[in-house]
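*Asks:* Based on what follows, work out the 3D shape:
(one chain, ligands or ions: 2)
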Amino acid sequence: MKAEPVEVMFVINPSLWYRAMYPSGIIFLAAYLRQQGITCKIIDSALSQKRIPAKAREDLVLHAIRESKPKIVCFSASHIELAEVVRLNKRILEIDSTVKTIAGGSQPTYRPEDFLSNGFDFVCTGEGENTLLDFVLQARNPRPEWTTVKGLAWKNGGKIMHNLHRELMTEPEIDNLPMPAYDLIDRRYFEINTGLIRGLPLRGAMLLTTRGCPFNCSFCGCNLIFGRRLRYKSLVKIEEEIVYLKEKFNIEGLWIIDDTFTINREHVRGVSNILKRHNIIWGCQSRANTLDEDMIKTMKQCGCKQIDIGVESGSQRVLDDIIQKKITIQQVINAFYLARKYHIRTLANFMIGLPTETPAELEQTRQLAELIRADVYVFAIATPLPGTKLYEMVGVPISPDEYCQLDWCGGPLTQKFNKSEIPDLVAAKNALQKRFFIRSLFKSFASIDNLMFFFKRGSKLDRIKYILQYIMRAINART
Ligand code: B12
Ligand code: SF4
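*Replies:* Ligands and ions are numbered 1, 2, ... in the order given. Coordinates of the predicted model:
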């Protein structure tokens with residue numbers, strides 16, 4: 001059957017196919033355009049029923065473009081997706097040079113020139129809904145006036161132009177956004193997997209309840225996208241989305257992807273109560289300084305199974321001067337104590353190898369890791385993402401060709417950007433990871449809570465299959 005032509009095509013990057021998590025940005029954008037009567041399609045893993053090599057997946061994207069003949073093709077990209085997005089964009093323009101292609105998301109926001117110097121004519125910086133809508137409307141114009149599209153960076157001849165900054169949407173505007181276009185992505189994203197709430201084999205989805213983060217940690221560029229003022233979705237709209245996800249995909253769990261969910265006590269209480277009402281198991285990302293006993297107690301009572309907390313370092317100097325995290329070691333200890341007290345599983349994120357970090361400070365990190373008795377530990381080698389303050393601090397230029405080599409576990413660039421006094425970061429990271437590996441694996445899968453969850457639910461065979469796959473992947477990654 002011939003595909004219907006569409007005006008706008010969104011590409012889920014081939015490297016993301018078969019992962020448990022869909023790119024949320026794309027489904028927000030597609031829903032917004034659709035609400036304005038613009039025909040949209042998402043090229044998704046539904047195109048292929050089995051694992052196929054990367055090149056073949058790219059070919060499927062090109063095939064879909066030939067079939068649907070979109071006027072505009074949209075890419076979303078992090079730094080590690082830059083290379084494939086640039087390659088795919090080139091191949092699309094070879095098929096049809098009249099197609100307008102545009103990139104948005106984290107890396108295009110942090111560094112638009114990475115894309116504009118590599119074959120893209122248009123980049124959206126920051127929040128995308130209104131910029132993309134204006135872009136599509138201008139593209140319909142025989143003489144488009146690109147300078148009028150706020151938030152757009154573009155190429156005028158050989159020159160890179162940065163239009164006026166796009167204002168962030170107001171809270172009422174956020175609340176009026178349509179339901180994200182879950183219906184345009186593959187249903188398999190919502191099948192049982194252990195990726196959403198680590199180790200729990202459940203049917204789940206991701207949920208965004210706020211936009212923005214008031215903090216400004218040096219390694220992160222999140223607030224360049226959604227700003228530093230928190231904008232909340234109303235509880236009514238949040239409940240509508242949860243009901244929709246339950247009815248349509250029979251979800252059991254949600255991972256709240258807000259940058260920091262636990263900033264506003266009232267909001268946390270409101271969302272938690274909704275999740276409880278709908279019997280949803282959930283997890284979220286948090287900061288040690290925003291958690292208190294009352295909040296943790298409410299969260300536990302309302303089905304929260306896991307909180308991910310960025311601890312980063314056991315050295316207060318590194319936290320203050322390098323990471324600029326605005327938390328204290330005492331707040332970290334307290335947060336983990338409270339989570340343990342109320343039996344909420346914790347995931348502690350650490351990073352090692354920050355500029356000027358000494359072996360003694362690394363030892364403080366190890367001691368803090370022991371002290372907090374988290375359930376799951378993740379140790380990463382601090383990696384200066386281009387566009388962040390940490391990148392400037394490290395001061396080592398990393399070219400776009402090298403982005404895909406930036407590796408938290410250690411890679412060819414690790415030594416180049418190591419400005420700490422720890423000589424072998426990979427060995428140091430492996431030693432820490434090894435120390436906590438068995439505990440993390442065991443707590444991910446065999447905690448009392450997990451076992452209760454497993455025995456109380458149906459679909460046991462499917463769940464076992466997913467757990468085994470997850471363990472195999474963890475073992476393979478380690479060897
Ligand atoms: C959920 C999440 C994940 C999930 C799901 C990822 C997925 N499939 O989308 C998981 C856990 C898998 C993940 C993995 C990783 N992530 Co992540 N992740 C996030 C997180 C917390 C939320 C993203 C999200 O869904 N936001 C909600 C949606 C609505 O927002 P959005 O995607 O930004 O989209 C809006 C705009 O950006 C824009 N937009 C987006 N795309 C497009 C496209 C067009 C054409 C237009 C016009 C506009 C536009 O419009 C959208 C609506 O306003 C962000 C933090 C953040 N605040 O962005 C980090 C973040 C995106 N991740 C980051 C990183 C580093 C990673 C990893 C590399 C981590 C790792 N060590 O492995 C991997 C890489 C994955 C990959 N292949 O890209 C970085 C990216 C940095 C960078 N320079 O690119 C971020 C920004 C966090 C940070 N600390 O800086 N991540
Ligand atoms: S609190 Fe989280 S999202 Fe906010 S700036 Fe720090 S790392 Fe980024």
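
*Asks:* Does stretch 338-356 reach ligand 2?
*Replies:* No. For stretch 338-356, no contact with ligand 2 is found by CB under 6 Å from any ligand atom; the gap never falls below 9.3 Å. The way it works is simple: take the backbone N, C-alpha and C, and place the C-beta from them, glycine included.

*Asks:* Same question for that stretch: list its buried residues.
*Replies:* Applying a neighbour-count criterion of 16 or more other CB atoms under 10 Å, the buried positions in stretch 338-356 are 338-340, 344-355.

*Asks:* do stretch 22-37 as well
*Replies:* In stretch 22-37, the ones that count as buried by 16+ other CB under 10 Å are 22-34.

*Asks:* got it, and stretch 259-275?
*Replies:* When burial is assessed from 16+ other CB under 10 Å, stretch 259-275 yields the following buried residues: 259-264, 267-268, 270-272, 274-275.

*Asks:* again, but for stretch 449-457
*Replies:* Residues of stretch 449-457 classed as buried under the neighbour-count rule (16+ other CB under 10 Å) are Asp449, Asn450, Phe453, Phe454.

*Asks:* Ligand 2 contacts on the stretch 251-400 of the chain?
*Replies:* When proximity is defined by CB under 6 Å from any ligand atom, the stretch 251-400 of the chain lies next to ligand 2 at Asp259, Thr260, Arg287, Gly310.

*Asks:* With secondary structure and pLDDT added, can I get these in a markdown table?
*Replies:* Listed next are those as a markdown table, based on DSSP: H, G, I helix; E, B strand; the rest coil; pLDDT from 0 to 100:
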| residue | secondary structure | pLDDT |
| --- | --- | --- |
| Asp259 | coil | 92 |
| Thr260 | coil | 88 |
| Arg287 | coil | 96 |
| Gly310 | strand | 97 |
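
*Asks:* Among the residues you listed, find me the one that's closest to ligand 2.
*Replies:* Proximity to ligand 2 was ranked across those by CB to the nearest ligand atom; first place goes to Asp259, at 3.5 Å.

*Asks:* Three-state assignment for the nearest residue to the closest one once chain neighbours are set aside, please.
*Replies:* If you skip the residues right next to it in sequence, Asp259 has Cys213 as its closest partner in space, 3.9 Å away by CB to CB, 6 or more residues apart in numbering. Under DSSP: H, G, I helix; E, B strand; the rest coil, the three-state class of Cys213 is coil.

*Asks:* Test my guess that Cys213 contacts Asn223.
*Replies:* Yes. With contact defined as CB atoms under 8 Å, Cys213 counts as touching Asn223 (5.0 Å).

*Asks:* Quickly list what's touching both of those two.
*Replies:* Contact criterion CB atoms under 8 Å, 6 or more residues apart in numbering; residues shared by Cys213 and Asn223: Asp259.

*Asks:* between those two, who's got more neighbours?
*Replies:* The residue with more neighbours, out of Cys213 and Asn223, is Cys213; 21 against 17, by other CB atoms under 10 Å.
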